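Predicted structure and sequence below. I'll ask about it afterward.
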Amino acid sequence: MSKKFISDALDAVVVPGFSRVGYLLRAQLSQWSSVSEMNLSGRVVVITGPTSGLGAATAHMLAPTGAQLVLVARNQGKCDAFAAELHAAIPQCNPVVVIAEMGDLSSVASASRQIREQFPRVDVLVHNAGALLQERAVSPQGIEQTIASHVLGPHLMTTMLRDVLRAANGRVVTVSSGGMYSTPLPQIHNGDSLEMPEAEYNGTRQYAIAKRAQVTLNELWAHKEPNIEFVAMHPGWADTPGVQESIPLFRTLTKPILRTSQQGADTIAWLAAVRPLPQTSGTFWSDREVRSVHKTPMTRRADTESARDALWTWCNDAIQPFVA
């Protein structure tokens, strides 16, 4: 029985594949090397949402590699303290802190200009920031907050850092979620919206819609920008602060099999570090393997060229006033 057959079987039945069981079995079968032992000297790695959960675990894994880490967070004090923590643990690691609220497009534009001015090339951009909200909120631009933080903010940052990513033949890593498997791509061209209205709002579903949009945009970016590599991934079920705060019942029921933050972040850090990329740009990953972006006919049927084009146009129209 091959390693791939076992891994695919775990993924097909979801629970073992997404849980700690899947991670441990795949890591053992493939004898994964440690990301922290890779040499990334001279590379610039930008990580959004780095101060807790998957982002913090990713930063800790990459800190010993020699990469220049750029930490993008909304809380100056918290991010400064985290950068100091990394430096204390790894003295050669001297992270640069950039402040941005990823759901505020004006803030994202300002942070992107700062990064672009300080670094003539960026090797890796990791889109990790975001949260699952149980109550509807809107961004300073009036956009539903989950869509603003997970979709438009990252889309704007990628757009504004495109030149410095091209200069490095760089890579963009987007942290999605297995929750996107439950949700089809909204048909914007037929009058649908990414943003759920107040009367119908469900935070878990809104999060899944945002994550589905991220995966589709990853594929579209790969087609439109051949000099930059684009990959998306899902971390499985990890016991992060976000899970603890946003979906406590799920966490209570699954706690014995949840992954640690480090296990969930392994593929994020690995995709940031591995050279060359083992598969093509635009692929979707979990546990260092390419996965399908669909598990049901429902989501596959909705993934039409018209829906994709409408998503791309809507995102570009929304960010256009902030691109400079």
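Received, thanks.

Going along the chain, name the helices of the stretch 51-200 of the chain.
Assigned by DSSP state H, counting those that start in this stretch, the stretch 51-200 of the chain shows helices spanning 53-62, 76-89, 105-118, 145-147, 153-160, 162-167.

Send me the helix ranked longest in the chain as PDB with only the CA atoms.
Criterion DSSP state H: the longest helix present in the chain is helix 203-224. Extracted in PDB, the C-alpha atoms of helix 203-224 (Å, rounded to 0.1, in the frame of the first residue of the first chain):
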ATOM      1  CA  GLY A 203     -20.000  33.800  11.000                       C
ATOM      2  CA  THR A 204     -18.900  30.200  10.100                       C
ATOM      3  CA  ARG A 205     -20.500  30.300   6.700                       C
ATOM      4  CA  GLN A 206     -19.100  33.800   6.000                       C
ATOM      5  CA  TYR A 207     -15.600  32.600   6.900                       C
ATOM      6  CA  ALA A 208     -16.000  29.600   4.500                       C
ATOM      7  CA  ILE A 209     -17.100  31.900   1.700                       C
ATOM      8  CA  ALA A 210     -14.000  34.100   2.300                       C
ATOM      9  CA  LYS A 211     -11.800  31.000   2.300                       C
ATOM     10  CA  ARG A 212     -13.300  29.700  -0.900                       C
ATOM     11  CA  ALA A 213     -12.700  33.100  -2.600                       C
ATOM     12  CA  GLN A 214      -9.000  32.900  -1.400                       C
ATOM     13  CA  VAL A 215      -8.500  29.600  -3.100                       C
ATOM     14  CA  THR A 216     -10.000  30.800  -6.300                       C
ATOM     15  CA  LEU A 217      -8.000  34.000  -6.300                       C
ATOM     16  CA  ASN A 218      -4.800  31.900  -5.700                       C
ATOM     17  CA  GLU A 219      -5.500  30.000  -9.000                       C
ATOM     18  CA  LEU A 220      -6.400  33.300 -10.800                       C
ATOM     19  CA  TRP A 221      -3.200  35.000  -9.600                       C
ATOM     20  CA  ALA A 222      -1.100  32.100 -10.800                       C
ATOM     21  CA  HIS A 223      -2.600  32.400 -14.300                       C
ATOM     22  CA  LYS A 224      -2.100  36.200 -14.500                       C
END
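
just checking, what packs against it?
Applying 3 or more CB pairs under 8 Å, 6 or more residues apart in numbering; DSSP states H and E, we find helix 203-224 packed against helix 145-147, helix 153-160, strand 171-175, strand 229-233, helix 305-319. To be clear about C-beta, it is placed using only N, CA and C from the backbone, and glycine gets the same treatment.

ok, back up a step: out of the helices of the stretch 51-200 of the chain, the one nearest Gln262 is which?
Of all the helices of the stretch 51-200 of the chain, it is helix 53-62 that lies closest to Gln262, at 4.7 Å by CB to CB.

which residues sit against that closest one?
Under the criterion CB atoms under 8 Å, 6 or more residues apart in numbering, residues 35-36, 40, 45, 47-50, 69, 71, 82, 86, 89, 95, 126, 128-129, 175, 235, 238, 240-242, 260-262, 264-266, 268-269, 272-273 lie in contact with helix 53-62.

Can I have the buried ones of these as a ChimeraX selection?
Typed into ChimeraX, the line below selects the buried ones among these, using 16 or more other CB atoms under 10 Å:
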select :35,40,45,47,48,49,50,69,71,82,86,95,126,128,129,175,235,238,240,242,261,262,264,265,266,268,269,272,273
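
Now, the contacts of helix 53-62 that are in strands?
Per DSSP state E, strands hold the following members of the contacts of helix 53-62: Val45, Ile47, Thr48, Leu69, Leu71, Val126, Val175.

Now for those: which two are most distant?
Across the ones in strands among the contacts of helix 53-62, the longest distance by CB to CB is 16.1 Å; it joins Leu69 and Val175.

Please read off the pLDDT at Met1 from the model.
pLDDT for Met1: 59.

now Ala9
The per-residue pLDDT reported for Ala9 equals 84.

Which of the helices or strands spans it?
helix 3-12 (DSSP states H and E).

Contacts for that helix, please.
Helix 3-12 is contacted from outside by Pro16, Gly17, Val21, Gly22, Leu25, Arg26, Leu29, Ser30, Ser286, Asp287, Glu289, Arg291, using CB under 8 Å, 6+ apart.

roughly how far apart are the closest residue to Ile268 other than its chain neighbours and Leu86?
Leaving aside its chain neighbours, Ile268 sits nearest to Thr58 (4.8 Å; criterion: CB to CB, 6 or more residues apart in numbering). Per CB to CB, to the nearest Å, Thr58 is found 11 Å from Leu86.

Arg251 reaches Gln244, doesn't it?
Yes - between Arg251 and Gln244 there is a contact at 5.6 Å, judged by CB atoms under 8 Å.

Make CSV out of the helices and strands packed on helix 203-224 and add mean pLDDT and distance to Arg113.
Formatted as CSV, the helices and strands packed on helix 203-224 follow (pLDDT from 0 to 100; distance: least, CB to CB, whole Å):
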stretch, mean pLDDT, distance to Arg113
helix 145-147, 98, 23
helix 153-160, 98, 7
strand 171-175, 98, 18
strand 229-233, 98, 22
helix 305-319, 98, 14
